[in-house]
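Colleague: only geometry, no sequence info:
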């Protein structure tokens with residue numbers, strides 16, 4: 001297993017996950033709910049920054065690796081899934097939204113693995129729609145973790161709208177990836193039928 005600065009940052013992001021969860025189990029006599037929200041939000045934002053930083057450093061220092069390319073999206077998915085489960089437990093996110101987003105991540109990951117096995121991994125590469133979905137999630141989750149009002153701003157309300165947007169984009173992008181994944185197979189079936197002289 002290669003070990004360099006970008007991969008260390010990715011591991012650090014993974015190690016942050018239990019801290020985001022654990023802070024809500026600290027008794028309120030030690031930490032008020034406001035402090036719990038603030039610490040969890042700060043940890044999540046710090047982890048999200050390392051998501052950008054490890055990719056930047058990997059390219060800048062020429063330390064890209066196959067293991068790093070595998071570990072980075074795994075860390076992202078674990079971080080989002082853990083945060084959503086906590087938010088459902090705190091009753092700040094509907095369970096169905098968490099199921100849609102987490103289920104999509106599992107389905108797309110399985111789809112990418114299958115496409116890689118048949119040599120078509122580029123068919124399900126990350127697209128612009130997926131990036132917008134990720135940005136919506138990364139803004140929504142810290143707002144929902146913090147939840148407390150900031151003057152006239154209601155992070156809970158803004159975060160709720162953004163997480164609903166993320167869930168919608170999650171479904172749209174999943175069907176988009178599914179279409180891309182099935183296209184090479186459909187083309188292969190047509191070529192086999194053509195070779196046999198069969199009209200599809």
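Modeller: Okay, I see it. Note that this is a predicted model, so its numbers are computed, not measured. Residues are numbered from 1 along each chain as shown.
Colleague: switch to C-alpha atoms for all contacts and neighbour counts from now on
Modeller: Will do.
Colleague: all helices in this structure, in order from the N-terminus.
Modeller: Under the criterion DSSP state H, the chain contains helices at 5-22, 33-60, 66-89, 95-117, 128-146, 155-196.
Colleague: now those as a markdown table including mean pLDDT?
Modeller: Formatted as a markdown table, the helices of the chain follow (pLDDT from 0 to 100):
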| stretch | mean pLDDT |
| --- | --- |
| helix 5-22 | 91 |
| helix 33-60 | 90 |
| helix 66-89 | 89 |
| helix 95-117 | 81 |
| helix 128-146 | 88 |
| helix 155-196 | 74 |
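Colleague: Columns mean neighbour count on top of those, output as a markdown table?
Modeller: Listed next are these as a markdown table, based on neighbours: other Cα atoms under 10 Å:
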| stretch | mean neighbour count |
| --- | --- |
| helix 5-22 | 18 |
| helix 33-60 | 18 |
| helix 66-89 | 17 |
| helix 95-117 | 16 |
| helix 128-146 | 19 |
| helix 155-196 | 17 |
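Colleague: Spatially central residue for this protein, please.
Modeller: Nearest to the mean C-alpha position of the chain, counting by Cα atoms, centre = their mean, stands residue 77 at 4.1 Å.
Colleague: Identify the spatial nearest neighbour of that residue, chain neighbours not counted.
Modeller: residue 105 (7.0 Å; Cα to Cα, 6 or more residues apart in numbering).
Colleague: State the distance from that neighbour to residue 29.
Modeller: Separation of residue 105 from residue 29 (Cα to Cα, to the nearest Å): 37 Å.
Colleague: Same check on residue 91?
Modeller: Distance from residue 91 to residue 29, by Cα to Cα: 22 Å.
Colleague: quick one, which of these two is more surrounded?
Modeller: For residue 91 and residue 29, the more surrounded residue by other Cα atoms under 10 Å is residue 91, and the numbers stand at 10 against 7.
Colleague: pLDDT wise, what is that one at?
Modeller: If you check residue 91, the pLDDT there is 94.
Colleague: residues contacting it?
Modeller: Residues near residue 91 by Cα atoms under 8 Å, 6 or more residues apart in numbering: none.
Colleague: Return the backbone torsion pair for it.
Modeller: Phi and psi for residue 91, reported as degrees, to the nearest 10, are phi 60, psi 40.
Colleague: what do you get for residue 62?
Modeller: Phi and psi for residue 62, reported as degrees, to the nearest 10, are phi 60, psi 50.
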